[in-house]
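Here is my input; please provide its structure:
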Amino acid sequence: MNRTPDLAPVRPRAPTWPGPAPRADGLLWIAAVAAAYTVVQLALAVFGTGLGWDESVYVSQVARGSEAAFFSAPRARGITFLVAPVTALTSSVEVLRVFLAVLSGAGLFAALAVWRTLLPPRVLALAGGLFAGLWITVFYGPQVMPNLWVALGALFTVGCFLRAARDPFDRAGLLGTGAGLVFVALMRPSDAVWLLLPLAAVALLSRAARRPALLVALAAGTVLGCLPWIVEAYVAYDGLLARLRRAGEIQGHLGPHFAVDDQLRALEGRSLCRPCDVPWRKPVAAVWFLVLWPLAAGGAAVAARRRCPFTAAPTAVRPSAVLVPALVGLSLAVPYLLLIGYAAPRFLLPAYALLALPVAVCLGRIAVSARPRAAAAVVLGLALAGHLTVQYGVLNGTMERSRNNHKAFDRIVSELRRNGVREPCVVSGSEAPRIALRAGCASRQIGGHDGSITRPALARLGEEQAVAYVVEGHNRPPSFTRGWRLLTLPGLPSRPELRAYVSPAAGPPGTGR
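Model (predicted):
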């Protein structure tokens, strides 16, 4: 058996994976998975949807003719940089969705391709398929949200790190490690820190990987990626500590919070569960989440025994190719399972992307070692088919709600425009960012996490241009709207009772401006 230390450096030109160098057909496996992922998005998750609350905030920063919505302390601008080339050319949501669907498929291909010298192609294809088959991954592929891009960036970074750690001559791996961390930090600085910690620990504890160049790549990549967020902290938030403090307040203060049960409930198709004190109506939607962890542990055990999946023969499989992504996946899951008091399925996408590798190793080993093999293959096939059926059932329901919301917001905007709320205009109150971006208005709030204007200032603004203050249910409007025209708006599926108070500057109904 090969007794070489797991991360021991290799000689130049020596293949990292024991055996022959990777062949082009390995790329075909990965390309097929990435192409299928893109096609599924285009077929199921692209058309007929509008921008969500967070998407509206991100897009408003770079959309043509749009006034930027308030950008709260926890947010980072990486996703706005990603979509800026499209929003500079068109305001079409569908074009933006298609762009992101194609780009996310390419991103999945790139993130898996860097692992070709580390794991067999069939393992990578299965891992990619498992990750891409989740309803969360399909739903957020074409969305203007950072979490999927953190997942792809983390998968890419860990693969490059392992390549650079094993081969001091792999400059692409070294540069990829730094570039991957820059990308992740631009998207979500906090996730970049949880990605950095286990990688830095591995680099420091492994004698072979304890090289200055690799440590510099880890540190420099994180700092460079976080730099725009840090600079903005001093420009807009009175310093880094003040921004961190405000970000913590908005996120409910980081601290001991057991949120596993919240995540289980959210997997029913909830984009955000805050507070998550709702009934757990569809436990079947979370079965895969409960199975994920023991399968990942099984994959780590398989790798520790240096057994290669999809073949019955023992092979010198280096455990780090499975153990390190498992470690990093757990690290990325920690804040969202144990440190915040609410849940959103997208938060765990980076963990799922990395844990898919040990899960694929475990399933591959089961497929070749179980007896009788044919029966095992049938059982695994049925289990995977059932898993995909559940995933796409949840996705279908989520997409239906999204499309219904899109139609409802269109009706709301039409009613506001019919009553004179046209640019230049301002929308405040309930669902202001989503309504404002559709109506061509600015979004301003007088309080809460997105507070960006005072009550007297908004009242004065209403004397100069059309201002609509949207109220839901039995909530009371602010006192400065007394004397403003009351409109009953078409309701949303989740907010059936909506009304708006429109300032006199909007003009009479039907005239517009």
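
so when I look at residue 396, I'm seeing a helix, right?
Yes. Using DSSP: H, G, I helix; E, B strand; the rest coil, the assignment for residue 396 is a helix.

need the contact list for residue 217.
164, 174-175, 177-178, 181 (Cβ atoms under 8 Å, 6 or more residues apart in numbering). Every C-beta, even on glycine, is put in place using the N, C-alpha and C of the backbone.

What's the separation between it and residue 156?
13 Å (Cβ to Cβ, to the nearest Å).

do the same with residue 479
Per Cβ to Cβ, residue 479 is found 53 Å from residue 156.

out of the two, which sits in the more crowded spot?
A count of neighbours by other Cβ atoms under 10 Å puts residue 156 above the other of residue 479 and residue 156, at 26 against 8.

next structured bit after the strand or helix carrying that one?
Using DSSP states H and E, residue 156 sits in helix 147-166. Beyond helix 147-166 on the C-terminal side, the first helix or strand identified by DSSP H and E is helix 171-187.

now the angle from that next one to helix 147-166?
150 degrees (axes from the mean of the first three to the mean of the last three Cα atoms, to 10 degrees).

For whichever helix or strand comes after helix 171-187, name the packing helices and strands.
Next along the chain after helix 171-187, taking DSSP H and E as the criterion, comes helix 189-205. Counting by 3 or more Cβ pairs under 8 Å, 6 or more residues apart in numbering; DSSP states H and E, the packing neighbours recorded for helix 189-205 are helix 147-166, helix 171-187, helix 212-236, helix 320-334.

do that again at 10 Å, thanks
Helices and strands touching helix 189-205, by 3 or more Cβ pairs under 10 Å, 6 or more residues apart in numbering; DSSP states H and E, are helix 147-166, helix 171-187, helix 212-236, helix 240-250, helix 320-334, helix 349-369.

May I see the buried residues of it?
Residues 189-192, 194-199, 202-203 are the ones in helix 189-205 that count as buried (16 or more other Cβ atoms under 10 Å).

Kindly report the same for stretch 491-508.
Neighbour counts over stretch 491-508 (16+ other Cβ under 10 Å) mark 492, 498-503, 505-507 as buried.

CA-only coordinates of stretch 369-385 in CSV, if you can.
This file holds the C-alpha atoms of stretch 369-385, laid out as CSV (Å, rounded to 0.1, in the frame of the first residue of the first chain):
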residue,chain,number,x,y,z
SER,A,369,-19.7,-3.6,-2.8
ALA,A,370,-23.3,-4.4,-2.0
ARG,A,371,-24.5,-8.0,-2.8
PRO,A,372,-26.3,-8.9,-4.9
ARG,A,373,-25.1,-6.0,-7.0
ALA,A,374,-28.1,-5.9,-9.3
ALA,A,375,-30.5,-5.5,-6.4
ALA,A,376,-28.3,-2.8,-4.9
ALA,A,377,-28.4,-0.9,-8.2
VAL,A,378,-32.2,-1.1,-8.3
VAL,A,379,-32.5,0.1,-4.7
LEU,A,380,-30.2,3.0,-5.3
GLY,A,381,-31.9,3.9,-8.6
LEU,A,382,-35.3,3.9,-6.9
ALA,A,383,-34.0,6.0,-4.0
LEU,A,384,-32.5,8.5,-6.4
ALA,A,385,-35.7,8.6,-8.5
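
re earlier: most packed of the helices and strands packed on helix 189-205?
Highest mean neighbour count of the helices and strands packed on helix 189-205: helix 147-166, a mean of 28 (counted as mean count of other Cβ atoms under 10 Å).

quick one: that one to helix 349-369, angle?
60 degrees.

and helix 147-166, how far from the chain's centre?
15 Å (Cα atoms, centre = their mean, to the nearest Å).

so that helix versus helix 320-334, what angle?
With the same axes, to 10 degrees defining the directions, helix 147-166 sits at 140 degrees from helix 320-334.

Now do helix 147-166, average pLDDT.
Averaging pLDDT along helix 147-166 yields 97.

who's in contact with the residue nearest to residue 492 when sequence neighbours are not counted?
Nearest residue to residue 492 in three dimensions, chain neighbours excluded: residue 408, at 4.8 Å (Cβ to Cβ, 6 or more residues apart in numbering). The contact partners of residue 408, taken as Cβ atoms under 10 Å, 6 or more residues apart in numbering, are 50, 489-496, 498.

what's the helix or strand for residue 408?
Going by DSSP H and E, residue 408 is part of helix 373-418.

So residue 468 lies in a strand, does it not?
Yes. Counting by three-state DSSP, residue 468 is located in a strand.

what about it, how many neighbours?
Around residue 468 there are 31 other residues, counting by other Cβ under 10 Å.

Who are the contact partners of it?
Per Cβ under 10 Å, 6+ apart, neighbours of residue 468: 412, 415-416, 419-421, 425-429, 432, 435-436, 439, 441, 462, 481, 484-485, 487, 489, 500-503, 506.

what about residue 45, neighbour count?
Residues near residue 45, counting by other Cβ under 10 Å, number 24.

so it sits right up against residue 399, yeah?
Yes. Contact criterion Cβ atoms under 10 Å: residue 45 and residue 399 qualify, at 6.1 Å.

Give the residues shared as contacts by those two.
In contact with both residue 45 and residue 399: 135, 138-139, using Cβ under 10 Å, 6+ apart.

mind putting the residues you listed in JSON lines, pLDDT included?
Below are those laid out as JSON lines (pLDDT from 0 to 100):
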{"residue": "135", "pLDDT": "97"}
{"residue": "138", "pLDDT": "98"}
{"residue": "139", "pLDDT": "98"}
